[in-house]
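Enquirer: please find the sequence and the predicted model below.
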Amino acid sequence: MAPALCVNCKTERALIKRPKNHAKLCKACFITVFEDEVHHTVTSSQLFFPGENVAIGASGGKDSTVLASVLKTLNERHGYGLELVLLSIDEGIKGYRDDSLETVKRNAVQYDMPLKVVGYDELYGWTMDQVVETIGKKGNCTYCGVFRRQALDRGAKMLGIKHVVTGHNADDVAETVLMNLLRGDLARLARSTSIVTGDSRSEVKRSKPLKYSYEKEIVLYAHHKKLDYFSTECIYSPEAFRGSARGLIKQLERVRPTAILDIVRSGEDMARLVPGESSSSCACKGQTATTVAPAEDDIGGCGSQNGRTPGNEMATMDKQLRENEAHEALQIDMAKAMSESKNGNEKQKELPIRSGNSASKGGTRQVRGNCKRCGYMSSQDICQACMLLEGLNKNRAQIQI
Amino acid sequence: MSDTIEVATIPITVDFSGGLEMLFDNQRRHSVSLPAVDSGGKPADIAFLISHLCEKLMKDPRAELFVLDSHIRPGILVLINDADWELEGEEDYKIQPRDNILFVSTLHGG
Ligand SMILES: [Zn+2]
Ligand SMILES: [Zn+2]
């Protein structure tokens, strides 16, 4: 087969076939186009203002490493005037973060950015290892995910930074759209498509500049720019729920690569149909720029996306959707049961909170306020993290007796 | 190569990254002597390489993290001499001496 030439420069050999439009590009043109598209997202959504302090949620993984590299490049090339900082969370899982934190430390040198590492112990008084010692391995991804959701915000607050960017990509958004569609939770679907989360009551704004970037291209960008990143799975996540919806996304992509962005765009369109919710989109599609969704249900539970499920992905996904709903219910039950100082084994209480379908039925919307304990945005008096902490602390007290 | 029959092989390098190293001795780069033809006498292609790697190189039992239904798992990118395999004929690409084949997973945490 004669090597194809790049459709852009028409001189170099094409090495990349773009999933979104099948364009064949050489290495240099691909890197330029990838960066230009992120720049386009940044400007059309008005993500930043000159002089803004921005923390990059950095895990050492491919997405956040590419985000740091691209933002540094664009900040210099287009004069955004941003002060960029790498912000890493240490969950306190012995051995798990050692290598990834080493990667982030090297990134800090490579990109000449300050690095701040914040531990769960500093933020919550518990490391994940201690959580697992207390509750066992089952269900701990819930804790890890709930704690992580606030960790970046709390860490940013410690640094006096009001904007955190994360490496969520188009595949992540498509996956969340699909899961919320399957759950019939349009309210959450709408929120998950937004490029910016956090409203006037939240002290920290969150955004995802790689929202329209394919995971495939992120990996190729990292490869061709020889970026230094680290890949691992959370060792506590054999039950991680997101894996198989991910599998479906990847299978769809294999058959029809445009499917991923099509799902993202469908999600945005559906978001506009949900009363009171709206989603940002690229200005060139004729919509107004940046609207903001509350951050409470931001995507990204446990960081691992282990596509581990073989065989029939649909059936597995259905099973896991149901398990996850039970799991969410269990988690809140556990905290409740513990706080009533019963033993934590009763699981059959009714849950008024966020049971998938009911959240968006009949147009009733959750009233959002702030957690009475920590001040984090929450639809309940006490936020999920504080509820889980209460259960944990009670448990520790009991163990000590 | 061992004693009895002289088998013609193609020398190539195979790289694993993005977490796939874990399935192959935690080692990124492997030198592989690939039989020049498969059991049916067809010249070695990527499909044959993949089954060869599963049978001969992978010690980890979790083969489903690499192949599904005897094809490469969706979400794993294949680069042939740095080019997306979609530009090279995918599974039908005929392996050449000194080719570098890279398998990189997109499936691990970001
Ligand atoms: Zn070119
Ligand atoms: Zn709270």
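Expert: All right, it came through fine. Ligands and ions are numbered 1, 2, ... in the order given.
Enquirer: got the contact list for A:Gly57?
Expert: Counting by C-beta atoms under 8 Å, 6 or more residues apart in numbering or on different chains, A:Gly57 touches A:64, A:87-89, A:152, A:164-167. Quick note: C-beta positions are derived from backbone N, CA and C, even for glycine.
Enquirer: go with 10 Å
Expert: Remark: with contacts taken as C-beta atoms under 10 Å, 6 or more residues apart in numbering or on different chains, A:Gly57 is in contact with A:63-64, A:67-68, A:86-89, A:148, A:151-153, A:155-156, A:164-168, A:206, A:208, A:300.
Enquirer: ramachandran angles for it?
Expert: phi -70, psi 110 (degrees, to the nearest 10).
Enquirer: identify the bridge partners of it.
Expert: On the basis of DSSP bridges, A:Gly57 takes part in beta bridges with A:Leu87.
Enquirer: distance of it from A:Lys138?
Expert: For A:Gly57, the distance to A:Lys138 equals 27 Å [C-beta to C-beta, to the nearest Å].
Enquirer: can you check A:Asp269 too?
Expert: As judged by C-beta to C-beta, A:Asp269 and A:Lys138 stand 38 Å apart.
Enquirer: A:Asp129 now?
Expert: As for A:Asp129, its distance to A:Lys138 is 15 Å (criterion: C-beta to C-beta).
Enquirer: and the strand ranked longest in chain B, does that touch chain A?
Expert: Longest strand in chain B by number of residues, with DSSP state E as the criterion: strand B:9-17. Yes - using C-beta under 10 Å from any C-beta of the partner chain, we find that strand B:9-17 touches chain A at B:Ser17.
Enquirer: more neighbours, A:Asp129 and A:Lys138?
Expert: Neighbour count, other C-beta atoms under 10 Å in any protein chain shown: between A:Asp129 and A:Lys138, A:Asp129 has more, with 18 against 13.
Enquirer: give me every residue that touches the more buried one.
Expert: Taking C-beta under 10 Å, 6+ apart as the definition of contact, the neighbours of A:Asp129 are A:91-96, A:120-121, A:140, A:236.
Enquirer: same deal with A:Thr134?
Expert: Going by C-beta under 10 Å, 6+ apart, the list of residues near A:Thr134 reads A:126, A:140, A:143, A:391-393, A:395-396, A:398-399.
Enquirer: ok, now with 7 Å
Expert: Residues in contact with A:Thr134 (C-beta atoms under 7 Å, 6 or more residues apart in numbering or on different chains) are A:392, A:395-396.
Enquirer: for it, give its distance to ligand 2.
Expert: Distance of A:Thr134 to ligand 2, given as C-beta to the ion, to the nearest Å: 19 Å.
Enquirer: show me the shaky parts of chain B.
Expert: B:1-6, B:108-110 (pLDDT under 70).
Enquirer: cross the contacts of A:Gly57 against helices and list the overlap.
Expert: For the contacts of A:Gly57, the ones inside helices are A:63-64, A:67-68, A:148, A:151-153, A:155-156, with DSSP state H as the criterion.
Enquirer: ok, those residues vs chain B, which is closest?
Expert: Distance from chain B was checked for each of those by C-beta to the nearest C-beta. The minimum falls on A:Asp63, at 3.1 Å.
Enquirer: now do the contacts for that closest one.
Expert: A:Asp63 makes contact with A:167, A:169, A:210, A:218, B:110, according to C-beta under 7 Å, 6+ apart.
Enquirer: please apply the same query to A:Trp126.
Expert: Neighbours of A:Trp126 in contact, by C-beta under 7 Å, 6+ apart: A:120, A:392.
Enquirer: that one - that's part of a strand, no?
Expert: No - per DSSP: H, G, I helix; E, B strand; the rest coil, A:Trp126 lies outside any strand segment and is coil.
Enquirer: and stretch A:138-145, average pLDDT?
Expert: For stretch A:138-145, mean pLDDT is 76.
Enquirer: lowest-confidence entry in the ones in helices among the contacts of A:Gly57?
Expert: Scanning the ones in helices among the contacts of A:Gly57 for pLDDT, the low point is A:Arg148. It has 82.
Enquirer: share the number of residues neighbouring it, please.
Expert: As a burial measure, the neighbour count of A:Arg148 was computed by other C-beta under 10 Å and equals 21.
Enquirer: equivalent analysis for A:Val173, please.
Expert: Per other C-beta under 10 Å, the neighbour tally for A:Val173 reads 25.
Enquirer: that one contacts A:Lys211, doesn't it?
Expert: Yes - with contacts defined as C-beta atoms under 7 Å, A:Val173 counts as touching A:Lys211 at a distance of 5.8 Å.
Enquirer: so which residues of chain A form helices?
Expert: Per DSSP H, chain A carries helices over the ranges A:27-44, A:62-78, A:96-110, A:120-124, A:128-135, A:140-159, A:170-183, A:186-192, A:215-224, A:242-255, A:259-273, A:313-339, A:384-400.
Enquirer: which stretch among those comes nearest B:Asp60?
Expert: Distances from B:Asp60 to each of these were compared using C-beta to C-beta; the shortest belongs to helix A:242-255, at 17.6 Å.
Enquirer: any stretches of chain A with poor pLDDT?
Expert: Using pLDDT under 70, the flagged stretches of chain A are A:1-2, A:199-201, A:232-244, A:276-368, A:397-401.
Enquirer: could you pull out the helices for chain B?
Expert: Along chain B, counting by DSSP H, helices occupy B:46-52.
Enquirer: got the residues of it near chain A?
Expert: Within chain B, the positions near chain A by C-beta under 7 Å from any C-beta of the partner chain are B:18-19, B:64-65, B:68, B:74-75, B:77, B:82-84, B:86-89, B:104-110.
Enquirer: just the buried ones from these?
Expert: Buried residues within the residues of chain B next to chain A, counting neighbours by 16 or more other C-beta atoms under 10 Å in any protein chain shown: B:18-19, B:65, B:68, B:74-75, B:77, B:83-84, B:86-88, B:104-110.
Enquirer: quick check: phi and psi at A:Gly45.
Expert: Actually, residue A:45 is Ser rather than Gly. Here the main-chain torsion angles of A:Ser45 (degrees, to the nearest 10) amount to phi -100, psi 0.
Enquirer: what's the burial count for it?
Expert: Once other C-beta under 10 Å is used to define contacts, A:Ser45 is seen to have 23 neighbours.
Enquirer: hang on, the earlier thing: include distance to B:Ser39 when you put the helices of chain A into TSV, please.
Expert: Conversion of the helices of chain A to TSV gives the following (distance: least, C-beta to C-beta, whole Å):
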stretch	distance to B:Ser39
helix A:27-44	37
helix A:62-78	37
helix A:96-110	40
helix A:120-124	53
helix A:128-135	48
helix A:140-159	44
helix A:170-183	37
helix A:186-192	49
helix A:215-224	33
helix A:242-255	27
helix A:259-273	36
helix A:313-339	31
helix A:384-400	56
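Enquirer: coming back round to it: quick one: which of the contacts of A:Asp63 is most hemmed in?
Expert: For these, the largest number of neighbours (other C-beta under 10 Å) sits with A:Leu210, at 31 neighbours.
Enquirer: residues of stretch A:376-394 that come out buried?
Expert: Taking 16+ other C-beta under 10 Å as the basis for neighbour counts, the residues of stretch A:376-394 that come out buried are A:376-380, A:382-394.
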